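In: requesting a structural model of the entry that follows:
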Amino acid sequence: MKGNFPIEKLKGLETPFYYYDTDLLRKTLDIVASEANKYNYQVHYAIKANANPRILSIIRENGLGADCVSGGEIMAALNAGFPTDKIVFAGVGKADWEINLGLDKDIFCFNVESLAELEVINELAEAKGRKARIALRINPEVNANTHHHITTGMKENKFGINLDQIDTVLDRLEELGSVQLIGLHFHIGSQLTDLHPFQTLCARVNDLQQQLSKRKVFVEHINFGGGLGIDYDHPNRNPIPDFQEYFKVFNKHFKPLPDQKVHFEPGRSVVGQCGNLIAKVLYVKEGSVKKFAVLDAGFTELIRPAFYEAHHKIENITSEEKEETYDIVGPICESSDTFAKQIDINKAHRGDLIALRSAGAYGEIMASQYNCRKLPKAYFSDLI
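Out: Numbers count the residues shown, from 1 in each chain. So this is what the prediction gives:
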């Protein structure tokens, strides 16, 4: 089964380009809101997944906050109209100017990843006569069982404060006058389709809160980050992730303290399935051992297959001929510029339109101008 594309409208557009199904995005956001509201959970969209201004505006209109990992993302959130009291700032390497931006805009919270960062935030806040609200990002030692490039919750990862460092950080916090501890933050990895690691995370956080209570440390906010995966194999069959079961896991297994607010930071699961990269077949190259469909899009437009060996469903949306087997490759002068090897699509001809599905997350946002290529345009289903 192929996706439902307005073929005649797309044929007139210069390829490659990103095509967003805004109806699917809005349906996804409706489900996120309805499921989170059952438990009074707070949701911040992770801007790193896709920072297209119109995408951000639609997400903001639906009431989500913003999770940012750079000063540029804070500005993108502000430009899209996100209220400052719904902006959180994470990231393992916050530059001074980025911290000062967050302080000047009085954002909701800094998710602090190290003792060194904590001291810098305190110093910069003190210089401005402000008190920075912070959450400690704790490395919970939970194996997410995902790709090693997107695992973030183990001791060997660069992210977060290790469990055996918490007492040292809390001791130092008592000496710092320009930071206010309001929460704990966790994120164990991305593209999790098995929910069991989240159960383990809940148990770990329950234990941690009991330990902290012995030090009379109680926080108002617990932030579980994001990580819920999408179905890259079957985007037509499963266009919206199972947010019902996702939030139910935390409601069942996490034991919040009285009046404690629970936060989440989904990114890919919100926007991944609404976006597609549309490319054109430049050549069908007959090799001696295989056939290549050479597209006008490459890893400059969608880097995930080259970077993560990631799989995206690929469809020839302008051909109904019998399927043939191809390597789907791009024009970049690198052997890694390959989207898929030995896959079946409807017979390809020069000029056919190829859809690389599930490109709404980490597609447009990671596009580059390597080989001096132009950045592609984006089009939307309700404006085309």
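In: now the helices for the stretch 101-250 of the chain?
Out: Remark: helices assigned in the stretch 101-250 of the chain by DSSP state H, counting those that start in this stretch are 115-127, 166-173, 196-213, 243-253.
In: show me the one of these that comes nearest Ser368.
Out: Nearest to Ser368 among the helices of the stretch 101-250 of the chain is helix 115-127 (28.4 Å), distances taken as CB to CB. Backbone N, C-alpha and C define where each C-beta goes, glycine included.
In: helices or strands up against the closest one?
Out: Using 3 or more CB pairs under 8 Å, 6 or more residues apart in numbering; DSSP states H and E, the elements in contact with helix 115-127 are helix 96-105, strand 109-112, strand 132-139, helix 166-173, strand 179-185.
In: buried ones in that helix?
Out: By 16 or more other CB atoms under 10 Å, the buried positions in helix 115-127 come out as Leu115, Glu117, Leu118, Val120, Ile121, Asn122, Leu124, Ala125.
In: now do that helix against strand 179-185, angle only.
Out: 140 degrees (axes from the mean of the first three to the mean of the last three CA atoms, to 10 degrees).
In: C-alpha coordinates for helix 115-127, CSV please?
Out: Taking Å, rounded to 0.1, in the frame of the first residue of the first chain, the C-alpha atoms of helix 115-127 are listed here in CSV:
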residue,chain,number,x,y,z
LEU,A,115,28.5,20.2,38.1
ALA,A,116,30.7,22.4,35.8
GLU,A,117,27.6,23.6,33.9
LEU,A,118,25.7,24.2,37.2
GLU,A,119,28.5,26.5,38.4
VAL,A,120,28.6,28.5,35.2
ILE,A,121,24.8,29.0,35.2
ASN,A,122,25.0,30.2,38.8
GLU,A,123,27.8,32.6,37.9
LEU,A,124,26.0,34.1,34.9
ALA,A,125,22.7,34.3,36.8
GLU,A,126,24.4,36.0,39.7
ALA,A,127,25.9,38.6,37.3
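In: give me the contacts around it.
Out: For helix 115-127, contacts defined as CB atoms under 8 Å, 6 or more residues apart in numbering pick out 94, 96, 99-100, 103, 110, 112, 131-132, 134, 161, 165, 168-169, 172-173, 176-179.
In: if we go to 6 Å?
Out: Ile99, Asn100, Leu103, Phe110, Val112, Ala132, Val169, Leu176, Ser178, Val179 (CB atoms under 6 Å, 6 or more residues apart in numbering).
In: try stretch 40-58
Out: 25, 36, 59, 64-69, 73, 76, 80, 88, 226, 261-265, 267-268, 270-271, 360-361, 364-365, 378.
In: likewise for stretch 102-114?
Out: 84-85, 87-90, 92, 118, 121, 125, 128, 130, 132-137, 160, 185.
In: let me see the mean pLDDT of stretch 193-209.
Out: In this model, stretch 193-209 carries a mean pLDDT of 96.
In: in it, what's buried?
Out: So for stretch 193-209, counting by 16+ other CB under 10 Å, buried means Leu195, Pro197, Phe198, Thr200, Leu201, Cys202, Arg204, Val205, Leu208, Gln209.
In: residue contacts, the fifth one?
Out: It refers to Leu201. Pro140, Val142, Ile188.
In: the stretch 251-384 of the chain: helices as residue ranges?
Out: So, for the stretch 251-384 of the chain - with DSSP H, counting those that start in this stretch - the helices run 268-271, 304-308.
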